[in-house]
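Colleague: Quick one: sequence plus predicted model below, questions after.
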Amino acid sequence: MQLFERIAPLRAALKAHRLAGETIGVVPTMGYLHAGHLKLVERAAAENDRVVVTIFVNPTQFGPNEDLDAYPRDIESDLARLADFPVDYVFAPPVDEMYGRPMQAFVDLKPLGDILIGELRPGHFRGVATVVTKLFNIVQPDRAYFGEKDYQQLTIIRRMVADLEMPIEIVAVPTVRETDGLALSSRNVRLSSEDRAVATVLASALDEGEKVVAGGERDPATVLSAVRVIIEAEPRADLQSLDLRDAATLDAVDRIGDRPVVLLVTARFGEVLLIDQRVAARKSRSAQTGECA
Ligand code: AMP
């Protein structure tokens with residue numbers, strides 16, 4: 001495994017692999033790696049000849065009052081964790097390598113980047129889409145791996161690649177959870193022990209929402225209130241947003257039909273903003289009645 005902090009030598013190394021006909025998978029991360037990130041790495045290693053993991057806490061996706069400085073970083077332990085996996089290259093550039101001059105070109109998805117989390121965090125997805133484009137242009141991967149946990153991000157990257165004809169397959173990896181259901185996140189270490197204990201409420205509430213949808217409920221408001229009451233019953237959880245959208249497009253849904261929907265939740269526990277999601281679908285009639293399909 002080789003570590004690069006600069007673009008040019010990484011490009012030179014990857015060019016040799018490309019010329020040899022090898023496929024390249026990239027896993028973009030902000031570091032402080034946990035088992036969720038490592039699942040993406042495993043998947044990339046299984047599906048590509050070469051794997052690049054990028055570690056970059058991207059300043060342009062953090063708002064002025066957000067947690068850029070508090071975001072956890074530990075490159076030494078990240079490298080130690082990755083050493084156990086078949087990773088060929090780690091690209092961990094300093095900020096001046098990625099933003100050496102004031103930027104004038106940006107990638108901005110409208111309205112997809114302005115809704116939901118984009119409304120809570122204005123400019124966030126413009127920062128994400130722009131840095132992912134830069135990373136794609138640096139690595140020129142065949143495949144790129146993203147977690148379903150950041151569901152809107154995944155949807156945005158898929159749409160960006162389609163709209164801009166980027167020749168990259170986007171692979172979605174299901175959310176990896178603690179045994180009690182809490183979605184793994186680099187931010188979890190900043191939770192107080194009291195908040196950590198109750199943060200499982202997000203996953204339990206989503207379980208309930210999934211059940212209500214599977215049971216055939218067609219009214220989004222009914223599903224959302226079943227989820228909301230569970231979260232609001234936990235006084236340490238400060239619910240920021242809760243939405244039900246079409247799982248493929250993130251369009252609003254008036255009535256739940258046969259297309260899968262996604263439940264999206266963001267909540268603060270103290271200073272820490274956690275997000276979680278769940279894709280849910282009505283069970284087919286035969287599944288509901290126990291008939292054979
Ligand atoms: P981050 O370092 O938080 O930017 O995450 C890097 C990538 O790992 C993103 O594609 C995330 O969606 C993904 N990821 C983060 N947490 C998890 C998790 N618990 N399970 C699966 N993927 C995750």
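Modeller: Nice, thanks for sending it over. Owing to the predicted nature of the structure, the values given are computational and were not obtained by experimental measurement. Residues are numbered from 1 along each chain as shown.
Colleague: which SSE is residue 145 in?
Modeller: strand 143-147 (DSSP states H and E).
Colleague: Which residues of the stretch 101-250 of the chain lie near the ligand?
Modeller: With CB under 6 Å from any ligand atom as the criterion, the stretch 101-250 of the chain meets the ligand at residues 146-147, 149-150, 173, 175-176, 183-186. Every residue, glycine included, has its C-beta placed from N, CA and C.
Colleague: if we take those residues, which one ends up nearest to residue 54?
Modeller: Nearest to residue 54 among those, counting by CB to CB, is residue 146 at 12.2 Å.
Colleague: Is that closest one bridged to anything, and to what?
Modeller: Per DSSP bridges, the residues bridged to residue 146 are residue 172.
Colleague: doesn't residue 173 make contact with it?
Modeller: Yes - counting by CB atoms under 8 Å, residue 146 does reach residue 173; the two are 7.0 Å apart.
Colleague: counting contacts, what elements does the strand holding residue 145 pack onto?
Modeller: strand 24-29, helix 35-47, helix 151-163, strand 169-173 (3 or more CB pairs under 8 Å, 6 or more residues apart in numbering; DSSP states H and E).
Colleague: Pull out the buried positions in the helix or strand that the second one is followed by.
Modeller: What that stands for is helix 35-47. Using DSSP H and E, the helix or strand that directly follows helix 35-47 along the chain is strand 50-55. Neighbour counts over strand 50-55 (16 or more other CB atoms under 10 Å) mark 50-55 as buried.
Colleague: which helices and strands sit right next to strand 50-55?
Modeller: helix 7-19, strand 24-29, helix 35-47, helix 75-82, strand 89-91, helix 124-139.
Colleague: which of those is buried the deepest?
Modeller: Highest mean neighbour count among these (mean count of other CB atoms under 10 Å): strand 24-29, with a mean of 26.
Colleague: List the neighbouring strands of that one plus their orientation.
Modeller: Within its sheet, strand 24-29 is paired with strand 50-55 (parallel), strand 143-147 (parallel), according to DSSP bridges.
Colleague: how far is it from where the chain is centred?
Modeller: Put simply, strand 24-29 sits 13 Å off its chain's centre (CA atoms, centre = their mean, to the nearest Å).
Colleague: For residue 268, grab the count of nearby residues.
Modeller: Residues near residue 268, counting by other CB atoms under 10 Å, number 14.
Colleague: Identify the residue spatially nearest to residue 217, adjacent ones excluded.
Modeller: With sequence-adjacent residues excluded and distances taken as CB to CB, 6 or more residues apart in numbering, residue 217 is closest to residue 223, at 5.6 Å.
Colleague: For the one you found, what are phi and psi?
Modeller: Dihedral pair for residue 223: phi -60, psi -50, per degrees, to the nearest 10.
Colleague: Compute the number of surrounding residues for it.
Modeller: 25.
Colleague: That one and residue 213 touch, don't they?
Modeller: Yes - between residue 223 and residue 213 there is a contact under CB under 8 Å: 5.7 Å.
Colleague: And the protein, split by domain according to the record?
Modeller: Following automatic domain parsing, one finds the domains of the chain at 2-173, 186-278.
Colleague: Any idea how far apart the tips of the longest one sit?
Modeller: Spelled out, it's domain 2-173. Start and end residues of domain 2-173 are separated by 25 Å (CA to CA, to the nearest Å).
Colleague: give the contact list for the nearest residue in space to residue 29 that is not next to it in sequence.
Modeller: Sequence neighbours aside, residue 37 is the residue nearest to residue 29 in space, at 5.2 Å (criterion: CB to CB, 6+ apart). By CB atoms under 8 Å, 6 or more residues apart in numbering, the contact list for residue 37 reads 27, 29, 147.
Colleague: Find the closest residue to the ligand in the stretch 51-200 of the chain.
Modeller: The ligand sits closest to residue 147 of the stretch 51-200 of the chain, with a gap of 2.4 Å, by CB to the nearest ligand atom.
Colleague: wait, that residue sits on residue 157?
Modeller: No - judged on CB under 8 Å, residue 147 makes no contact with residue 157 at a distance of 11.0 Å.
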